[in-house]
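>>> just to be clear, the model below is a prediction. Sequence and coordinates:
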Amino acid sequence: MAKSDARRELEELEEVCSALAHAARRHMLLVVWFRGGAMTAGEIAARFSHSWPTTSRHLRVLEQAGLLAQEKGGRTRLYRVRPDKLDVVRRWLAWFGAAREEAGSGSETAARPSSARRRRKTNG
């Protein structure tokens, strides 16, 4: 992977993680996903106790991160989940799976915090 590709992927990861950092946005994304993957802005707003400006701000952040796509039809805005955008998170998490595989039989030790490893060595 070229350096510019890696930098772009890291920026994309940061944008997605920032969007998902807020519990309300994670909840909105899940609700839309489990309600068939698409809902109107009004349907989304009706599911939450936030004011409309707060709801629209959360939707805008999710859309800017590429997690939701907006389709306009007259006065109605339909939001669709873009599950492919979560691939950047999957690729990042895959690094941890690869590290565990490389550790082989020592993966249990590698997964344990270093302070716990030190205590075990000194106590055992």
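Now that the structure is in, tell me what you want to look at. Residues are numbered from 1 along each chain as shown.
>>> make it CA atoms for all contacts and neighbour counts henceforth
Noted.
>>> residue ranges for the strands of the protein, please.
38-40, 68-73, 76-81 (DSSP state E).
>>> could I get those as TSV with mean pLDDT and distance to E101?
Shown next, in TSV, are the strands of the chain (pLDDT from 0 to 100; distance: least, CA to CA, whole Å):
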stretch	mean pLDDT	distance to E101
strand 38-40	97	37
strand 68-73	94	33
strand 76-81	96	32
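>>> so for H50, which of the ones you listed sits nearest?
Closest to H50 of the strands of the chain is strand 38-40 (CA to CA; 15.8 Å).
>>> tell me which other helices or strands the closest one touches.
Applying 3 or more CA pairs under 8 Å, 6 or more residues apart in numbering; DSSP states H and E, we find strand 38-40 packed against strand 76-81.
>>> how about the strand it packs on: buried residues?
Of all the residues in strand 76-81, those buried under the rule 16 or more other CA atoms under 10 Å are L78, Y79, R80, V81.
>>> which ones are touching the third one?
Right, R80. Each residue near R80 by CA atoms under 8 Å, 6 or more residues apart in numbering is listed here: V32, G37, A38, M39, L68, A69, Q70, E71.
>>> could you flag which of these are buried?
V32, G37, A38, M39, L68, A69, Q70.
>>> relative to A45, which of those is nearest.
Checking the buried ones among the contacts of R80 against A45 with CA to CA, the nearest one is M39 at 9.9 Å.
>>> any idea how far R82 is from that closest one?
13 Å (CA to CA, to the nearest Å).
>>> could you do E9 as well?
Computed as CA to CA, the E9 to R82 distance reads 17 Å.
>>> now swap in H22 and tell me
Distance, H22 to R82, using CA to CA: 18 Å.
>>> and A65, its phi and psi?
Torsion angles at A65 (phi, psi; degrees, to the nearest 10) stand at phi -80, psi -10.
>>> OK, contacts around it?
By CA under 8 Å, 6+ apart, the contact set of A65 is E12, E15, V16, A19.
>>> between those residues, which has the most around it?
A19 (23 neighbours; other CA atoms under 10 Å).
>>> which residues does it contact?
Counted by CA under 8 Å, 6+ apart, A19 has contacts R25, V61, L62, A65.
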